[in-house]
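**Q** Starting from these lines, generate the structure:
(one chain, ligands or ions: 2)
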Amino acid sequence: MLRVSMSDTDDSPTPNSRPANETMRALVLHGPRDARVDRVAVPQPALGELLVRIELAGICGTDGELAAGTMAYFARGLTHFPLRPGHEWTGTVVAAGSASEGLWVGCRVVGDTMLGCGTCPACRGGRHHVCRQRREVGITDGWLGALSEYAVVPTRFAHYVPDSVAAEAAVLVEPGANALRAVRAAESRPGSTLLILGDGTIGLLAALFAVDAGAEVTVCGLRPDRLALAGRIGARHTLTTDTASQLPRSSYDAVLDATDDSASPASALDLVRPGGRVALIGLAERSSTIDTRDLVLSDVAAVGILSGSPALADTLRAYASGLDPTPVVGDIIALTDVPVRLAGLTSSGPGPKTLVDPWR
Ligand SMILES: [Zn+2]
Ligand SMILES: [Zn+2]
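**A** Numbering: from 1, shown residues only. Ligands and ions are numbered 1, 2, ... in the order given. So this is what the prediction gives:
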């Protein structure tokens, strides 16, 4: 976690400068397909917490599943309506729970989605994203999301955003970190070949990181405009899913599945070379089937990626040093437009990612 000391300029916010208005607008999911913008109390930071004025938030497939009531966590009892979504966000700290944390006031931040307990072996080993007691911001019960004007983040899960990273990039740190971990799982390196299945935000951000790592990237997706975007990001080859049968079998050093298609993991296994790697980050509604004998007989390593948490800091560093994720942004909408967007989840621009300005 990064910290900075604040300069004593006259216009910098004072610690614990509470918002003048004690209520705010927030997206509330009251039940399946019943999303509304409500006026709610501005949360107040307790000890170990920061209050953030949200500048931009993102919405993704998980938010769509939460809004529809189809997300797997409902069936497992991990989340319940009403709930307040929003796990991709950036903003400025306006108040802190203690005087020492007041150093954060005025800092631009992003936050981890996975709030581990901090004491279990997973947390102590740097794997708090798989902590059994974790809360997931805006997803599980226990921590409100950030599709609202203000949100609270635990101080230990806040990451400082340098001025060189614009808000439109900072809000893409969470999905970018997921993509970066998937690319690392694929062990992309100069000259290696990576096939990415999926042209959504994660697929395109994975293309960005893999190209940056020097890999020769192929993207296979559904939409020609997204594939054109993949080409502009640096993918060497692009093709639509209906022509995927042209892809050479058993030839890619690594294949990354970033789709929600239950048939895709088996395709990935079919396309990776012997001794290669398959990185799985997509989630289908139905279970996907792969024949594990194919893994054994081809000596293939398959890796699942749940979260971007361990790569948030590296993603911020990559953006700060000039890697630009903003081409994936399709549009920026108002909070009041989110319910309709969650029902359809298609941005109006060529980029797949919809951002939300809660102050519009
Ligand atoms: Zn997300
Ligand atoms: Zn833990």
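**Q** Do a quick rundown of the strands in the stretch 51-200 of the chain.
**A** Along the stretch 51-200 of the chain, counting by DSSP state E, counting those that start in this stretch, strands occupy 88-96, 108-111, 114-115, 135-136, 150-154, 158-160, 193-197.
**Q** Now do the third one: which elements does it pack against?
**A** Read it as strand 114-115. Strand 114-115 sits against strand 135-136, with contacts defined as 3 or more C-beta pairs under 8 Å, 6 or more residues apart in numbering; DSSP states H and E. (Each C-beta comes from the backbone N, C-alpha and C, glycine too.)
**Q** Given the strand it packs on, what are its sheet partners and their directions?
**A** strand 114-115 (antiparallel) (DSSP bridges).
**Q** thought Asp253 was touching Val278?
**A** No: with contact defined as C-beta atoms under 8 Å, Asp253 does not reach Val278; the gap is 10.7 Å.
**Q** shared neighbours, the two?
**A** Common neighbours of Asp253 and Val278 (criterion: C-beta atoms under 8 Å, 6 or more residues apart in numbering): Val272.
**Q** Pick out whichever of the two has more residues nearby.
**A** Counted by other C-beta atoms under 10 Å, Asp253 and Val278 do not tie: Val278 has more neighbours, with 26 against 20.
**Q** what's near enough to touch the closest residue to the more buried one other than its chain neighbours?
**A** Nearest residue to Val278, sequence neighbours excluded (C-beta to C-beta, 6 or more residues apart in numbering): Ala302, at 4.4 Å. Ala302 makes contacts with Leu269, Arg277, Val278, Ala279, Leu280, Ile290, Leu295, as judged by C-beta under 8 Å, 6+ apart.
**Q** Can you flag which of those residues belong to strands?
**A** Secondary structure from DSSP state E places Arg277, Val278, Ala279, Leu280 of the contacts of Ala302 in strands.
**Q** The last one: neighbour count?
**A** Which is Leu280. By other C-beta under 10 Å, 22 other residues sit near Leu280.
**Q** My guess is Leu222 contacts Thr240. True?
**A** Yes: counting by C-beta under 8 Å, Thr240 is a contact partner of Leu222 at 6.7 Å.
**Q** contacting residues for the residue positioned nearest the centre of the chain?
**A** The residue lying closest to the centre of the chain (C-alpha atoms, centre = their mean) is Pro175, at 2.5 Å. With contact taken as C-beta under 8 Å, 6+ apart, Pro175 is in contact with Gly58, Cys60, Glu88, Thr201, Ile202, Leu205, Gly308, Lys353.
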